[in-house]
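Student: mind looking at a prediction? Sequence and model below.
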Amino acid sequence: MRRALLGLVAALFLVLPSPGARAEGNATPKLDGEIKGLIDRIDPARIQTNIEKLATFQNRNACSQNLAPNPGVDNGTKGILASQDWVKAQFAANKGLKVAFASYFHANCPTSLTQNVVAWLPGKKHPERLVVIGGHLDSRSFGVLDTDPTTANLLSIAGAQSGTRTQENAPAGDDAGAQTTLVLEAARALSRGSFDNTIVFISFSGEEQGLFGSADPAVPGRLAEITGIPNAKVVAMLNNDISGGDNLANTGDDFSAFRLYSAGTPRERGSRAPDGTTDNTSPARGLMRFIATFGVPFVDGFSMRPVLREDRPGRGSDQTSFINNGVPAVRFIESHECSSSPVDNKGCTIGADGLCTVANLSPFAALPRTDPRHNCLHTNFVCAPTDSPLSSCTGTSTVIPKTRVCANDDERAHGIDLPATFGSQKFLNEGCVDDTPGIANPFHNFQRQHVPNDRPENPTADYEARIAKVMSATLASLARAPNAPVDFAAAGNATSGVRVTFNAAPGDKVEKFIVAARATNENFHRGRVRVEGTNAFVTPAQLGFAPGEPFFISVSALGDGNHESLFAYPEFRCDATACVIPAGALAITASK
């Protein structure tokens, strides 16, 4: 908890607006007042209503099409297809949006109909430039391929007494009801605006089994096929996953901030991959800085907690599919999730292979067993393939269920107290089923992710609305901005000054630009200088640096209404002797 609060303090400092240029006029970022009016339409009450509606489909597993025999009719049918019909109808209710289903191949259920729901607001000037927001709709229970609509089979496996209440098997209030309703709210708000570039809203499926859904539209040219927009190309992608503000895992100041994961070069992906550093550059980190400048300031009292890695150690989400294809993409997520996932690998011991010797644990692992948040560590039934004839909790194989019915009040409240011989992650196996007569939720002492306990009453709608506003403001700002300058180069050094040269992106008539720099030990720009033309000399003093202090430098384009582009990539790193492209900066899809 203390680590999270320190991160909040740092984030509050870092997202303050950059100081004005030391010379050559005022280079303070300009916010678009009309965007503020658009995002104020985002409604927490509607977010909560829609999270509850999505839970009624019981299990939105990407392979659950058998639960929806009547696609196109909201008549109480269950499963992914019925929920996608509903999502499509929500998109279509917004004037100006175009909507389509986009099918893809899912290796785990190759004969099933698997599809995404894609909506888009065509740009007026550059429709071929796509700015994408996404979040996955599909849900899962303990078993990644369990398509059962209710928990009846799970209760039977655990040995629960007859009459124990069955409930939705995968209602997915926070993961994925929250991200789906956020995308719907962004679409409602922004569809009332007019933008130069096209905004694309995607409700993915197939995320839980391996990002099958997002892998399809992330392929270059695929969104051009889906939308019918010639030469369409993605400029940036904003992914939200587990954005609801779980009301157990988050407390106090957690509701005043969000985590933002952005990959470096190489991408920090594996469970033992160390966190990235500020002395690094990547397209995703450039997008992170844009969000801090043109997204966060629209929401008072709300801040970003930057995490310098692609996602939590060993975990991932749909932004990965776009980064795989060279697109700047990041993940928005609540401050703390009610799961066993670690937040980062900060402070780990680095081994000879350059990786952490052991991945970090969830911050909840340090809590006493009696802390309610400790239940967020109880992951699943620990199903393992076996020759046992027992029923399956995965829906596809026989298993040995390691979970049983709670034996007493202590276990009902806190799970099974396993001996230390189970190892440092014994808490993963501590959940038990509460079959007390009349109990509303027999799975209440489990985590709230990938289980029936991810209930629609768990998210905090006001919190999710704030993330929705940050993401929508960022989308709108990108959709009114030119493309980043091209052919950027920097020559000189951090002692005497730097000559920067560049060109406006093809199709942009831009005459004003912003040259900005950040220290190698800082995430965000320290100084900004406005220049005219495509050739300029800037001194360290103009950028806010002492002579010889190393920094990264780049340039953005200023379009109509002072709408500012992403910064050119790659940044150059300048020290006392020279300015160079950092080693490895061009290998933007490499991982560790």
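Tutor: Here it is on my side, so go on. The model shown is predicted, which means the values in this text are computed figures rather than measured ones.
Student: tell me, how many residues neighbour residue 228?
Tutor: 13 (other C-beta atoms under 10 Å). Every C-beta, even on glycine, is put in place using the N, C-alpha and C of the backbone.
Student: same check on the one 5 residues further on?
Tutor: If you count neighbours by other C-beta under 10 Å, residue 233 ends up with 14.
Student: residue contacts, it?
Tutor: Residues near residue 233 by C-beta atoms under 8 Å, 6 or more residues apart in numbering: 128-130, 220, 224.
Student: roughly how far apart are it and residue 563?
Tutor: Counting by C-beta to C-beta, to the nearest Å, the gap from residue 233 to residue 563 is 19 Å.
Student: with residue 503 instead?
Tutor: As judged by C-beta to C-beta, residue 503 and residue 563 stand 19 Å apart.
Student: on that earlier part again, show me the two of the contacts of residue 233 that sit farthest apart.
Tutor: Longest distance between any two of these is 13.9 Å, between 129 and 220; criterion C-beta to C-beta.
Student: follow-up on the earlier one: residue 503 and residue 563 - which one has more neighbours?
Tutor: The neighbour count for residue 503 versus residue 563, taken as other C-beta under 10 Å, is higher for residue 563 (22 against 15).
Student: count of residues packed around the closest residue to residue 291 other than its chain neighbours?
Tutor: With sequence-adjacent residues excluded and distances taken as C-beta to C-beta, 6 or more residues apart in numbering, residue 291 is closest to residue 474, at 5.1 Å. The number of residues packed near residue 474 is 28, by other C-beta under 10 Å.
Student: so residue 474 sits right up against residue 292, yeah?
Tutor: No. Counting by C-beta atoms under 8 Å, residue 292 is not a contact partner of residue 474; they are 9.5 Å apart.
Student: name the surrounding residues that touch stretch 31-45.
Tutor: Against stretch 31-45 from outside (C-beta under 8 Å, 6+ apart): 185-186, 188-190, 192-193, 294, 297-298, 461-462, 464-465, 468-469, 472-473, 476-477, 480, 561, 563.
Student: narrow those to those in helices?
Tutor: Under the assignment DSSP state H, those contribute 185-186, 188-190, 294, 461-462, 464-465, 468-469, 472-473, 476-477 to helices.
Student: please list only the buried members of those residues.
Tutor: 185-186, 188-190, 294, 461, 464-465, 468-469, 472-473, 476-477 (16 or more other C-beta atoms under 10 Å).
Student: and the longest strand along the chain, what does it pack onto?
Tutor: If each strand of the chain is counted by residues according to DSSP state E, the longest one is strand 126-136. Counting contacts by 3 or more C-beta pairs under 8 Å, 6 or more residues apart in numbering; DSSP states H and E, strand 126-136 packs against helix 178-190, strand 197-204, helix 212-218, helix 222-227, strand 233-240, helix 461-479.
Student: excluding chain neighbours, what is closest to residue 112?
Tutor: Closest to residue 112 by C-beta to C-beta, 6+ apart is residue 65, at 4.9 Å.
Student: surely that neighbour and residue 82 touch.
Tutor: No. Residue 65 is not in contact with residue 82 according to C-beta under 8 Å; the separation is 9.2 Å.
Student: next, count neighbours for residue 98.
Tutor: 17.
Student: who's it bridged to?
Tutor: Beta-bridge pairing for residue 98 (DSSP bridges): residue 120.
Student: could I get the full set of strands for the stretch 351-500 of the chain?
Tutor: Taking DSSP state E, counting those that start in this stretch, the strands of the stretch 351-500 of the chain run over residues 486-493, 497-503.
Student: is it possible to get TSV of the ones you listed that adds mean pLDDT and distance to residue 454?
Tutor: Supplementary listing: these in TSV, determined by pLDDT from 0 to 100; distance: least, C-beta to C-beta, whole Å:
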stretch	mean pLDDT	distance to residue 454
strand 486-493	98	44
strand 497-503	98	47
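Student: mean neighbour count, these: which tops it?
Tutor: strand 497-503 (a mean of 19; mean count of other C-beta atoms under 10 Å).
Student: give me the residues contacting that strand.
Tutor: 485-492, 513, 515, 534-540, 553, 555, 568, 572, 574, 579.
Student: ok so, going back, export the strands of the stretch 351-500 of the chain to JSON lines and tack on distance to residue 36?
Tutor: Below are the strands of the stretch 351-500 of the chain laid out as JSON lines (distance: least, C-beta to C-beta, whole Å):
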{"stretch": "strand 486-493", "distance to residue 36": "31"}
{"stretch": "strand 497-503", "distance to residue 36": "31"}
